[in-house]
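# give the three-dimensional model of this entry:
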Amino acid sequence: MKKEILATKVGMTQIFQEDGTLVPVTVLEAEPNVVTQIKTIENDGYEAVQVGFGDAVDRVKSKDKSGRVEVAHRHGVNRAEAGQFKKAGVSSKKYLREFRLENSADYKAGDEIKADIFAEGDRIDVTAISKGKGFLSAIQKGQHRGPMGHGSKFHRHQGSSGTSRLSRLIRRRTSSW
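Now for the predicted structure:
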């Protein structure tokens with residue numbers, strides 16, 4: 001049976017097994033996931049469970065005296081999503097994902113899915129979205145580094161990474177030679 005939850009990565013650590021070997025492990029913080037909607041074949045054409053994770057704040061719009069609209073919590077939940085959460089009877093969530101489970105009919109809106117669905121020793125597959133790192137320098141991205149010794153002051157600069165054209169001139173033989 002397929003089991004899925006949403007979690008955030010806390011970090012890495014290491015655990016000693018009973019035979020003394022050291023195993024690197026990833027530490028995840030798994031808050032309770034809340035079922036926000038049940039997708040059915042009759043309504044949506046497929047069966048799935050929509051799950052919310054991480055509390056979020058609602059986006060609040062207000063007008064000042066001059067009539068200008070001010071938005072508080074700009075990256076919060078909009079009114080359409082807030083209505084969906086209210087219909088399910090749960091608080092607003094930051095992340096929403098759909099899981100296609102075999103037993104999706106067993107869940108109902110508002111149910112919590114916790115990490116206790118996993119047993120000790122279960123093998124799991126983890127998928128993630130990496131942190132955005134923006135524009136990286138040549139040293140961070142490609143491990144290119146300038147000369148380090150003999151008084152060089154060109155340590156963290158990339159320098160040449162190769163030619164953009166052919167490195168030698170190819171001559172054509174003509175009948176005049």
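
# following element in sequence after the biggest helix by length in the chain, please.
In the chain, with assignment by DSSP state H, the single longest helix is helix 79-88. Once the chain leaves helix 79-88, the next helix or strand it forms, by DSSP states H and E, is strand 93-99.

# quick one: that next one to helix 79-88, angle?
70 degrees (axes from the mean of the first three to the mean of the last three C-alpha atoms, to 10 degrees).

# now for strand 93-99, which elements pack on it?
strand 33-39, strand 48-55 (3 or more C-beta pairs under 8 Å, 6 or more residues apart in numbering; DSSP states H and E). Placement of C-beta: from N, CA and C, glycine included.

# quick check: Ser130 is in a strand.
No: judged by DSSP: H, G, I helix; E, B strand; the rest coil, Ser130 forms no part of a strand; its state is coil.

# run a quick neighbour tally on it.
For Ser130, the neighbour count with other C-beta atoms under 10 Å is 5.

# now Lys3: how far from Glu112?
As judged by C-beta to C-beta, to the nearest Å, Lys3 and Glu112 stand 14 Å apart.

# let me redo that: Lys87
For Lys87 relative to Glu112 (C-beta to C-beta), the value is 17 Å.

# and Ser137, by the same measure?
44 Å.

# which regions of the protein sit below the pLDDT cut-off?
138, 141-146, 158-177 (pLDDT under 70).

# grab the nearest non-local neighbour of His75.
Excluding the flanking residues, the one nearest His75 by C-beta to C-beta, 6 or more residues apart in numbering is Arg59, at 7.8 Å.

# how many residues are close by that neighbour?
Neighbour number of Arg59 under other C-beta under 10 Å is 17.

# contacting residues around it?
Going by C-beta atoms under 8 Å, 6 or more residues apart in numbering, Arg59 touches 71-79.

# hmm, 6 Å instead?
73, 76, 78 (C-beta atoms under 6 Å, 6 or more residues apart in numbering).
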